[in-house]
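Peer 1: Just to be clear, the model below is a prediction. Sequence and coordinates:
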Amino acid sequence: MQTTEQGIPLLSRLVERVQSQAWPKHTLYVVATPIGNLGDFSLRGWHSLNLCDVIACEDTRSTRPLLEAWGVQTPLMAAHRHNEAQAAQQIVARLEQGERVALVSDAGAPAVSDPGGRIVRAVRAAGFEVVAVPGASAVVTALMASGVTSDENPAFVFAGFMPHKSMARKKWLQDWAQTAAPVVMFESPHRIKAAIQDMAELFPERQITFARELTKRFEQVHTTDLTQAVDWLEADSYRQQGEFVLILHAEPKPEHSETLDADTEKWLRALLEQVSARDAVKVAVKATGLPKDVIYNWVLAHKN
């Protein structure tokens, strides 16, 4: 283990810094937990669970292995979609007594396609503070591994789980697919093939990214045309196992064939002598209405 010059383990120093931060009472701590790899838990998340008086969890059977692995002995209480209203009242009562309460789901971020939102709203309505402790996210992990977004085009939408039945699923997909951004969604192994068949029927021109078993031993991220997606699934039975994050890529944009006329090229050459290439592109796009990539490519070829 790396140590400081004083011989104090670096990890211990980091723990001390986390412990020295503000940890107010009368507060609900909404703590993200690993989505598969226990090593993805943060020190701040770990300290939150240790410090709180009780942990409200979606399923004790899912949460206990995490607590055992990280040596957390805080007692648990149930807070799932079937008792969320009652759990919210119990949590508010604890906060009134000055306790700290942690809220976790089975994996990932509570209240994001998981129970917890109702509890957060109830706590806020009662006038108590809510502190989010971020961590692993299947949505963000899939986006990071797929490369479907960029700093130039960062937009995406998260749609959650697809409907179970084909007719409802198709309507749902058509509604979400109207956006110009990639659509991120969840699906179970039991319905993955049927869901992909529906998507291939609706959007044969698009691509799909499979992000399967993220952060786990058999993690797999694969991008393919939707017309070939079912064949890819069927080529290996293991590809239909595990939990899936799917990314429906945005509809391909048609390639622009516009060119610059002689007059535009003339004043754009003059503009490049006075301003930067980036500023020249901005001015030209606004003045001509041509696509940015058309102007940008011309500038790259002629800026010198």
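Peer 2: Thanks, I have it. Numbering: from 1, shown residues only.
Peer 1: isn't residue 160 right up against residue 185?
Peer 2: Yes - with contact defined as Cβ atoms under 8 Å, residue 160 reaches residue 185; the gap is 6.5 Å. Where you see a C-beta, it was placed from the backbone N, CA and C, and this is true even at glycine.
Peer 1: Between the two, which is the more surrounded one?
Peer 2: Of the pair residue 160 and residue 185, residue 185 is the one with more neighbours under other Cβ atoms under 10 Å, namely 23 against 13.
Peer 1: out of everything not next to it in sequence, what's closest to the more buried one?
Peer 2: residue 159 (4.6 Å; Cβ to Cβ, 6 or more residues apart in numbering).
Peer 1: Next one, pLDDT for that neighbour please.
Peer 2: At residue 159 the predicted local confidence, pLDDT, stands at 96.
Peer 1: Likewise for residue 229?
Peer 2: Confidence at residue 229, expressed as pLDDT, is 97.
Peer 1: cool, residue 152 as well?
Peer 2: pLDDT, residue 152: 80.
Peer 1: burial of it, as a residue count?
Peer 2: By other Cβ under 10 Å, the residues close to residue 152 number 6.
Peer 1: residue boundaries of the helices in the stretch 51-200 of the chain?
Peer 2: Assignment of helices within the stretch 51-200 of the chain using DSSP state H, counting those that start in this stretch yields the ranges 60-70, 84-96, 117-125, 138-146, 166-176, 192-202.
Peer 1: in the third one, what's buried?
Peer 2: What that stands for is helix 117-125. Across helix 117-125, burial judged by 16 or more other Cβ atoms under 10 Å covers 119, 120, 122, 123.
Peer 1: Check the offset of that helix from the chain's centre.
Peer 2: 22 Å (Cα atoms, centre = their mean, to the nearest Å).
Peer 1: Quick one: work out the angle between that helix and helix 84-96.
Peer 2: For helix 117-125 against helix 84-96, the angle by axes from the mean of the first three to the mean of the last three Cα atoms, to 10 degrees is 40 degrees.
Peer 1: ok, back up a step: wait, which of the helices of the stretch 51-200 of the chain is closest to residue 77?
Peer 2: Set against residue 77 and scored by Cβ to Cβ, the helices of the stretch 51-200 of the chain come closest in helix 84-96, at 6.9 Å.
Peer 1: list the buried ones in the closest one?
Peer 2: Buried residues in helix 84-96, counting neighbours by 16+ other Cβ under 10 Å, are found at 84, 87, 88, 90, 91, 92, 94, 95.
Peer 1: Over to stretch 11-19?
Peer 2: residue 18.
Peer 1: From residue 216, how far off is residue 237?
Peer 2: 17 Å (Cβ to Cβ, to the nearest Å).
Peer 1: okay, these two: which has more neighbours?
Peer 2: More crowded of residue 237 and residue 216, by other Cβ under 10 Å: residue 216, with 14 against 8.
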